[in-house]
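Visitor: Got a predicted structure here, sequence first:
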Amino acid sequence: MKTRTLIELLALSSSLYHFAKEAQLMDRINELSDKGKDGINKVASESQIDEDGNELEFMDKVIRKANQVKEELEQKIEEQVVIIYKKMNIAHLDEIKALNEKVIQSDKEIALLEARLNRIEAKE
């Protein structure tokens, strides 16, 4: 593939990733709001304590729960992106680094073999 095509493909996949991340977050927020007053009352009635041993206020509980949902969502999105990258045959940065390390190791081994070959040729 041409470099331009790869760059366009990466930009597209990045845009899709961010779009999916925002869309799923909004869907999750809508789902939570649809559960209604009972769900909010349940969260509010639970006794949660912060690091200092003080009971959290209602908004602090809501913020903590929203952060928890956000982390879960980001984890699920990452899993889906990895699956999509594998389906699209796009190399992940970790895979590229691993391949580069293998190339470097192979170059070292080839250099050693060439040195041995030169030494054997010099003896003859």
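Guide: Thanks, I have the structure now.

Visitor: drop to CA atoms for contacts and neighbour counts, all remaining ones
Guide: Fine.

Visitor: Within the helices and strands, which one has the residue most central in space within the chain?
Guide: The centroid of the chain falls nearest to residue 78 when counting by C-alpha atoms, centre = their mean (4.1 Å). Using DSSP states H and E, residue 78 maps to helix 58-88.

Visitor: model confidence over that helix, on average?
Guide: Averaging pLDDT along helix 58-88 gives 82.

Visitor: List the buried residues for that helix?
Guide: 58, 61, 66, 69, 70, 73, 77, 81 (16 or more other C-alpha atoms under 10 Å).

Visitor: other SSEs contacting it?
Guide: Judged by 3 or more C-alpha pairs under 8 Å, 6 or more residues apart in numbering; DSSP states H and E, helix 58-88 is in contact with helix 3-34, helix 37-45.

Visitor: Show me where the protein dips below the pLDDT cut-off.
Guide: The chain contains residues with pLDDT under 70 at 1-2, 4, 6, 35-51, 53, 55-56, 58, 89-92.
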